[in-house]
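> Sequence first, predicted coordinates after that:
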Amino acid sequence: MRVALVINTSWNIWNFRRGLVKALQAAGHEVLAIAPPDAYSSRLETELGCRYVPIQMENKGTNPIKDAQLTRRFVAVYKRERPDVVLHFTIKPNIYGTLAARIAGVPSINNVSGLGTAFIVENLVSKVVKGLYRLAFRFPEKVFFQNNDDRELFIRGGLIKPALTGLVPGSGVDLARFKPDLTAEKAPGEPFTFLMVARVLYEKGIVEYFEAAKQVRAALGPDKVRLQLLGAIDEAGGVGVTRATFEQWLAEGNIDYLGTSDNVAAHLHRADCVVLPSYREGTPKTLLEAAACGKPLVTTDVPGCRETVQNGRNGYLCQVRDAADLADKLLLVAQLPPARLAALGAASRQLAEEKFDEQLVLRQYLDAVAEAGRKGHPSALQA
């Protein structure tokens, strides 16, 4: 079958859905990658063997005219490319791609990988987004959620029928690619290193991380601890920290900004503990990768994040939007004896193996694609 993956960036397909692409190809399917063009688009073809199909898409905002145009673009692409099944990821493909797939008569499977700002802040925009979900989610063959809190929220809100839902452990993690580095040795006197891997967005808890860094360095001494940040600056849609503000924060000297990297595993291996003080997630890929690398975790006690930490076993949960509590947990970890740190890291790897193996996710997708392909369905609507 011809299976299309539709996501808001080519980068997202490359970084988060590579395993799914390979699994679909191994099962004999042709894979189309449909996403806006970026620096990773060509790699989807040359290195992953997809056929890349560009589409214009603004990831932020709810302008009804632009969104109607996006739906029409999706319809045109689906009718031209004639996929047998479409897999939608991220908000706009989930909503407008699903409506377009219905119009074009193509079965769709969706993944809710996180609810975004619309479910964190209650306002007019959140009401509009929920109404759009309620409309679009009448039509998919299956909608996978990455944690049960999100699934129950959609069901309780009448956004989807329970029978259409499925549950996967996030995107899963490639346990062969992300694994403990048994050769790494910490040099005597080297600072304890915390690492946060996330885009520079307020909802990722970036403000709390900077404030906690200041408190931790003041408590332990700046030569004893190092706090790093790896991830792209994202000013789109007004939800990201502006570059000017971010540079002002960096000038205070409490955070080492590492920019972006195609080799996240190398940075994870050099860290002593991985941190994500996010406000809400699906199931964060970065924490799954850190767990697979055998790292202690510190994250917030919120949907999506809490699934990755068994408090006190492989890391610690902190309160959301609470820099002081985050700092307390970081100080706790930084002062643990080496044997205790090693035990936390080993428990992280065990949790990744038992609960977050990518193969568990891929099997569910392959089964759903096969079922959707068998059923198919003519569209009830005609463009």
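Cool, got the structure.

> Can you identify the element that follows the helix or strand where residue 76 lies toward the C-terminus?
Using DSSP states H and E, the element containing residue 76 is helix 64-81. Remark: after helix 64-81, the chain's next helix or strand is strand 85-89, criterion DSSP H and E.

> one step back: orientation of the helix holding residue 76 relative to strand 85-89 in degrees?
150 degrees (axes from the mean of the first three to the mean of the last three C-alpha atoms, to 10 degrees).

> mind listing what's buried in helix 64-81?
67, 70, 71, 73, 74, 75, 77, 78, 81 (16 or more other C-beta atoms under 10 Å). The way it works is simple: take the backbone N, C-alpha and C, and place the C-beta from them, glycine included.

> From what I see, the fourth one and residue 56 are in contact.
Yes: taking contacts as C-beta atoms under 8 Å, residue 73 lies within contact range of residue 56: 6.4 Å.

> So which residues of the stretch 151-300 of the chain form strands?
With DSSP state E, counting those that start in this stretch as the criterion, the stretch 151-300 of the chain has strands at 165-167, 192-197, 225-230, 256-257, 273-276, 297-300.

> In a markdown table: those strands, plus mean neighbour count, mean pLDDT and distance to residue 219.
Shown next, in a markdown table, are those (neighbours: other C-beta atoms under 10 Å; pLDDT from 0 to 100; distance: least, C-beta to C-beta, whole Å):
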| stretch | mean neighbour count | mean pLDDT | distance to residue 219 |
| --- | --- | --- | --- |
| strand 165-167 | 16 | 96 | 40 |
| strand 192-197 | 24 | 98 | 12 |
| strand 225-230 | 21 | 98 | 9 |
| strand 256-257 | 14 | 98 | 18 |
| strand 273-276 | 27 | 98 | 15 |
| strand 297-300 | 27 | 98 | 15 |
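
> I'd like the ones you listed laid out as TSV, including distance to residue 369.
Output for the strands of the stretch 151-300 of the chain, formatted as TSV (distance: least, C-beta to C-beta, whole Å):
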stretch	distance to residue 369
strand 165-167	12
strand 192-197	30
strand 225-230	33
strand 256-257	40
strand 273-276	30
strand 297-300	32
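
> So for residue 42, which of the ones you listed sits nearest?
strand 225-230 (23.7 Å; C-beta to C-beta).

> coming back round to it: list the contacts of the helix holding residue 76.
Residues outside helix 64-81 that contact it (C-beta atoms under 8 Å, 6 or more residues apart in numbering) are 2, 4, 6, 32, 34, 53, 55-58, 86, 92-93, 96-97, 99-101, 103-104, 106, 383.

> Can you give the distance of that helix from its chain's centre?
25 Å (C-alpha atoms, centre = their mean, to the nearest Å).

> ok, now stretch 52-61?
18 Å.

> What score does residue 182 have for pLDDT?
The confidence metric pLDDT takes the value 84 at residue 182.

> Just give me how far stretch 225-245 sits from the chain centre.
With C-alpha atoms, centre = their mean, you get 16 Å for stretch 225-245.

> mind listing what residue 358 touches?
Counting by C-beta under 8 Å, 6+ apart, residue 358 has contacts 19, 171, 172, 173, 174, 175.

> Contact partners for residue 306?
299, 300, 317.

> so how far is residue 73 from it?
Distance from residue 306 to residue 73, counting by C-beta to C-beta, to the nearest Å: 38 Å.

> try residue 287
Distance from residue 287 to residue 73, by C-beta to C-beta: 34 Å.

> if we can go back for a sec, format the contacts of residue 358 as CSV; extra columns: neighbour count, pLDDT and distance to residue 47.
Shown next, in CSV, are these (neighbours: other C-beta atoms under 10 Å; pLDDT from 0 to 100; distance: C-beta to C-beta, whole Å):
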residue, neighbour count, pLDDT, distance to residue 47
19, 18, 94, 14
171, 26, 89, 19
172, 27, 94, 20
173, 28, 95, 20
174, 18, 95, 15
175, 16, 96, 21
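
> what's the span of stretch 181-199 from first residue to last?
Length of stretch 181-199, first residue to last, C-alpha to C-alpha, to the nearest Å: 25 Å.

> just so I have it, where are all the helices in the stretch 101-250 of the chain?
Counting by DSSP state H, counting those that start in this stretch, one finds helices in the stretch 101-250 of the chain at the ranges 124-136, 148-156, 206-220, 243-251.

> tell me the most buried of these?
helix 206-220 (a mean of 20; mean count of other C-beta atoms under 10 Å).

> Among the contacts of residue 358, which pair sits farthest apart?
171 and 175 (13.0 Å).

> Residue 349: which element?
Going by DSSP H and E, residue 349 is part of helix 338-355.

> relative to helix 338-355, how tilted is the helix or strand following that helix?
Counting by DSSP H and E, the element after helix 338-355 in chain order, helix or strand, is helix 358-375. Using the same axes, to 10 degrees, the inter-axis angle of helix 358-375 relative to helix 338-355 is 20 degrees.

> Tell me the buried residues in helix 358-375?
With burial defined by 16+ other C-beta under 10 Å, the residues of helix 358-375 counted as buried are 358, 361, 362, 364, 365, 366, 368, 369, 372, 373.

> Any chance of the contacts of residue 306 in TSV with distance to residue 127 as columns?
Output for the contacts of residue 306, formatted as TSV (distance: C-beta to C-beta, whole Å):
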residue	distance to residue 127
299	29
300	25
317	30
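
> Give me the below-cutoff pLDDT ranges for this structure.
Applying pLDDT under 70 to the chain picks out residues 60-62, 116-121, 236-238, 376-383.

> so how far is residue 122 from residue 327?
29 Å.

> Specify which residue of the two has the higher count of neighbours.
Taking other C-beta atoms under 10 Å, residue 327 and residue 122 do not tie; residue 327 has more neighbours (22 against 10).
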